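Undergrad: could you look at this predicted model? Sequence included:
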Amino acid sequence: MNGTTEAKGAPQTKTRRHLVRGGLLVAYILIMVLMILTGRRHTILIDNKDAADGSYRAINGMEVSIDKQESSEYYPGDRDKAMVQGQKHTIKVNIFDDNKTIEQSFTVPLWNDMTIISVPKMVAGIEPWIEPFTMAEQIQEALESGPPAGEMSFQSLDSGVPAGTEQTQQSP
Amino acid sequence: MSARKKLSTLFSRYAVVIIFVIITLAAIPPSGLSIKYILQEIITRLGRNSFLVLALLLPIYAGMGLNFGMTLGAMAGQVGLIFAVNYGIANWQGLVFAMLVGLPISVLLGWVCGLVMNMAKGREMVTGYILAFFINGIYQFFVMYMLGSVIPMGNKAIVLSRGYGIRNTLNLESVRQSLDNIVMLHVGGFSIPLVTFIIIALLCGFVVWFKKTKLGQDMRAVGQDMAVAEAAGIPVEKTRIVAIIISTVLACAGQIIFLQNMGNLATYNAHDQTGFFAVAAILVGGASVTHASIANVFVGVMLLHSMFVVSPLAGQKLFGSAMIGEYFRQFIGYGVIALSLVLYAWRTRKAAAEARLSLRGVQDDSAKGNGGTAVGNGGQA
């Protein structure tokens, strides 16, 4: 009698044990995911520059704060950065000229390290005012568009031989 | 027992503590440091190191001596922190993430360590020490080659310029003092990292509670006499493995707490002296290879670190070179461990001799008081 009850109870205990262990494993992974979601840090670049095509112009003067961080003043041509943690944030812009305050919420993609917010675009209502920012892309774009007019260009040394001069080979 | 005999017993038992107190007190005036500064440093270092030193208690209860294998747990914690920095997880979330990554690694390493120590019963300390060197080789291979080549690392700032391997020093700016700064109390001009101390207090509570559990009692029985424990039906080897696993996991958490306070990680050698300084601290606090308590941990951390604070400046003032103080720090650390082991061996032999005399029926005053307390665990290396 007792032996039969024990034999029945053993698989039940085993199943319960497996369930508890499985539950603990799931909880473990969930906590890990939660830590990534809430703890991942992103760099936000706050940009106040004119558009290259003239579609919008930089704001004359403004105060920008992200979440509850300390606000900073921005003038035309300024770009600064703010560090944020997590994905959902709020940007608050106070424009000096008309003393207007604009508040917008935005979400940063989880695996995006750096994001740029163009405040003039945001104020003008042009989408997308928030874009991912990668250094490699910026360098590529700068190379494609060529050096700005009136500024010095840097070329590789071997291509910079003036016409009419002879290239002499160094003897060993 | 005569007063002289009592004094001699007291000195032999607390020789390390007494010597340390004398040296530290003597070094304070030449260092020129204010008492307030020294106290603040001690508070900071208590928060930074106590958790690591507390990790040594359970193996001592289980009769496995001072767990030099705790370095394995420290390595696991460092791997966790490397991943937290790689994924850009900041603040206390980064620490929890590092712990969650380090936990399974430390359990695995603790289990391996326990298995090896079971094969080397009676020589656990030297085995742990050498095992730490062996696992260090694997850690170096993992961090220097696997990370970045086999395991992709998204954060290029922490990877060596060749494309794989982690840089020599990692900036833990994203998690720097994130635990300490959750609640920083300012009392009487002192800054006290409250949350860190709460966590340490919880660990102390856990140790006290654990000693009263069935497993805790088993550990103490195993620590007193393995043969008797085995005869009583206690699974000796399993109990010893559990003690080492818990110690390794605690060392993993301890190293994370230590490094978040420091704010940077020397990738390839931060763990090297973790075990050494933790062992030195608990011995300075009056513990021995077979006996240790929570009080020993705190007394030891306070004494050892007050010495560490004052010795470089005392060396500078007395000998004209801060390097002398640094050298002194190392010398004291190793000296304390050596002295403790020598005293322990001497006490064990003395107790055995007195027990032998009492068995022969020779009435000796000293035999009455010392009832062979340390006989059972003699011969630890």
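TA: Structure received. Residues are numbered from 1 along each chain as shown, chains lettered A, B, ... in the order given.
Undergrad: now the top helix by length along chain A: buried residues?
TA: Criterion DSSP state H: the longest helix present in chain A is helix A:2-39. Using 16 or more other Cβ atoms under 10 Å in any protein chain shown as the test for burial, helix A:2-39 gives A:35-36, A:38-39. (C-beta placed from N, C-alpha, C; glycine too.)
Undergrad: then stretch B:179-190?
TA: B:179-180.
Undergrad: for the closest residue to chain B within chain A, give me its contacts.
TA: Relative to chain B, the nearest point of chain A is residue A:39 (2.6 Å; Cβ to the nearest Cβ). Counting by Cβ atoms under 8 Å, 6 or more residues apart in numbering or on different chains, residue A:39 makes contact with A:85-86, B:89-94, B:96-97.
Undergrad: of the buried residues of helix A:2-39, which pair is most distant in space?
TA: Using Cβ to Cβ, these span at most 7.8 Å, a distance reached by A:36 and A:38.
Undergrad: so where's chain A shaky on pLDDT?
TA: A:1-9, A:141, A:145-172 (pLDDT under 70).
Undergrad: over to the stretch 101-250 of chain B?
TA: Judged by pLDDT under 70, no stretch of the stretch 101-250 of chain B qualifies at all.
Undergrad: can you list the residues of it near chain A?
TA: B:101, B:154, B:174 (Cβ under 8 Å from any Cβ of the partner chain).
Undergrad: which single one of those is nearest to chain A?
TA: Here the nearest of these to chain A, counting by Cβ to the nearest Cβ, is residue B:174; it sits at 5.9 Å.
Undergrad: what's the closest non-adjacent residue to that closest one?
TA: residue B:90 (4.0 Å; Cβ to Cβ, 6 or more residues apart in numbering or on different chains).
Undergrad: span of stretch B:138-157 from start to end?
TA: 23 Å (Cα to Cα, to the nearest Å).
Undergrad: give the buried residues for it.
TA: Here stretch B:138-157 shows B:139, B:142-144, B:147-148, B:153 as buried, counting by 16+ other Cβ under 10 Å.
Undergrad: just the helices from the stretch 1-150 of chain B, written as ranges.
TA: B:3-13, B:15-31, B:35-54, B:57-61, B:70-86, B:91-119, B:124-141, B:147-149 (DSSP state H, counting those that start in this stretch).
Undergrad: what residues go with each domain of chain A?
TA: A:8-39, A:41-144 (automatic domain parsing).
Undergrad: which SS state does residue B:292 fall under?
TA: When classified by DSSP: H, G, I helix; E, B strand; the rest coil, residue B:292 comes out as coil.
Undergrad: if we can go back for a sec, list the contacts for the residue nearest to residue B:174?
TA: A:39-41, A:85, B:174-175, B:178.
Undergrad: and these as JSON lines, adding distance to residue B:241?
TA: Conversion of the contacts of residue B:90 to JSON lines gives the following (distance: Cβ to Cβ, whole Å):
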{"residue": "A:39", "distance to residue B:241": "33"}
{"residue": "A:40", "distance to residue B:241": "37"}
{"residue": "A:41", "distance to residue B:241": "39"}
{"residue": "A:85", "distance to residue B:241": "39"}
{"residue": "B:174", "distance to residue B:241": "35"}
{"residue": "B:175", "distance to residue B:241": "31"}
{"residue": "B:178", "distance to residue B:241": "33"}
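Undergrad: among those residues, which are in helices?
TA: residue A:39.
Undergrad: can you pick out the most distant pair from the contacts of residue B:90?
TA: A:40 and B:178 (14.2 Å).
Undergrad: neighbour count: those two, which is higher?
TA: residue A:40 (24 against 19; other Cβ atoms under 10 Å in any protein chain shown).
Undergrad: about what we covered before: quick one: which of the contacts of residue B:90 sit in strands?
TA: Residues from the contacts of residue B:90 lying in strands, with DSSP state E as the criterion: A:41, A:85.
Undergrad: would you mind listing what in chain A touches chain B?
TA: A:28, A:31-32, A:35-36, A:38-42, A:85, A:111, A:113.
Undergrad: what's the mean pLDDT across stretch B:43-61?
TA: Confidence over stretch B:43-61 (mean pLDDT, whole number) is 96.
Undergrad: what is the neighbour count of the closest residue to chain A within the stretch 51-200 of chain B?
TA: Chain A sits closest to residue B:93 of the stretch 51-200 of chain B, with a gap of 2.6 Å, by Cβ to the nearest Cβ. Residues lying near residue B:93 (other Cβ under 10 Å) number 23.
Undergrad: surely it touches residue A:35?
TA: Yes: counting by Cβ atoms under 8 Å, residue B:93 touches residue A:35, with 4.5 Å between them.
Undergrad: just the element for the residue nearest the centre of chain B, please.
TA: In chain B, the C-alpha nearest the mean C-alpha coordinate belongs to residue B:278, at 2.8 Å (Cα atoms, centre = their mean). In the assignment (DSSP states H and E), residue B:278 maps to helix B:274-284.
Undergrad: same question for that helix, mean pLDDT?
TA: Helix B:274-284 comes out with an average pLDDT of 90.
Undergrad: so how far is that helix off the chain centroid?
TA: Remark: helix B:274-284 is offset 5 Å from the chain centroid, using Cα atoms, centre = their mean, to the nearest Å.
Undergrad: which residues are contacting it?
TA: For helix B:274-284, with Cβ under 8 Å, 6+ apart as the criterion, the contacting residues are B:16-17, B:20, B:49, B:52-53, B:55-56, B:66-71, B:74, B:128-129, B:132, B:251, B:254-255, B:258, B:292, B:296-297, B:299-301, B:303-305, B:332-334, B:336-337, B:340.
Undergrad: now with 6 Å?
TA: B:16, B:20, B:52-53, B:56, B:66, B:68, B:70-71, B:74, B:292, B:296-297, B:300-301, B:303-304, B:333, B:336-337, B:340 (Cβ atoms under 6 Å, 6 or more residues apart in numbering or on different chains).
Undergrad: right, and the helix or strand after that helix?
TA: Scanning onward from helix B:274-284 (DSSP H and E), the first element met is helix B:294-319.
Undergrad: tell me the angle of that following helix relative to helix B:274-284?
TA: 100 degrees (axes from the mean of the first three to the mean of the last three Cα atoms, to 10 degrees).
Undergrad: which neighbouring elements make contact with the next helix or strand after helix B:294-319?
TA: Next along the chain after helix B:294-319, taking DSSP H and E as the criterion, comes helix B:322-359. Here helix B:322-359 touches helix B:15-31, helix B:274-284, helix B:294-319, helix B:365-370, going by 3 or more Cβ pairs under 6 Å, 6 or more residues apart in numbering or on different chains; DSSP states H and E.
Undergrad: and the first one, what's its mean pLDDT?
TA: Across helix B:15-31, pLDDT averages out at 86.
Undergrad: by contact count, what packs against it?
TA: Partner elements for helix B:15-31 (3+ Cβ pairs under 6 Å, 6+ apart): helix B:274-284, helix B:294-319, helix B:322-359.
Undergrad: that older thread, make TSV from the buried residues of helix A:2-39 and add distance to residue A:52 to it.
TA: Below are the buried residues of helix A:2-39 laid out as TSV (distance: Cβ to Cβ, whole Å):
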residue	distance to residue A:52
A:35	40
A:36	36
A:38	37
A:39	37
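Undergrad: which one of those residues sits closest to residue A:122?
TA: residue A:38 (25.3 Å).
Undergrad: quick one: residues contacting the closest one.
TA: A:86, B:93.
Undergrad: quick one: it and residue A:85, what's the gap?
TA: Distance, residue A:38 to residue A:85, using Cβ to Cβ, to the nearest Å: 7 Å.
Undergrad: backbone phi and psi for residue B:87, please?
TA: The phi/psi pair for residue B:87 (degrees, to the nearest 10) reads phi -90, psi 0.
Undergrad: relative orientation of the helix holding residue B:278 and helix B:15-31 in degrees?
TA: Counting by the same axes, to 10 degrees, helix B:274-284 points 100 degrees away from the direction of helix B:15-31.
Undergrad: residue A:68 - that's part of a helix, no?
TA: No: the assignment for residue A:68, made by three-state DSSP, is coil rather than a helix.
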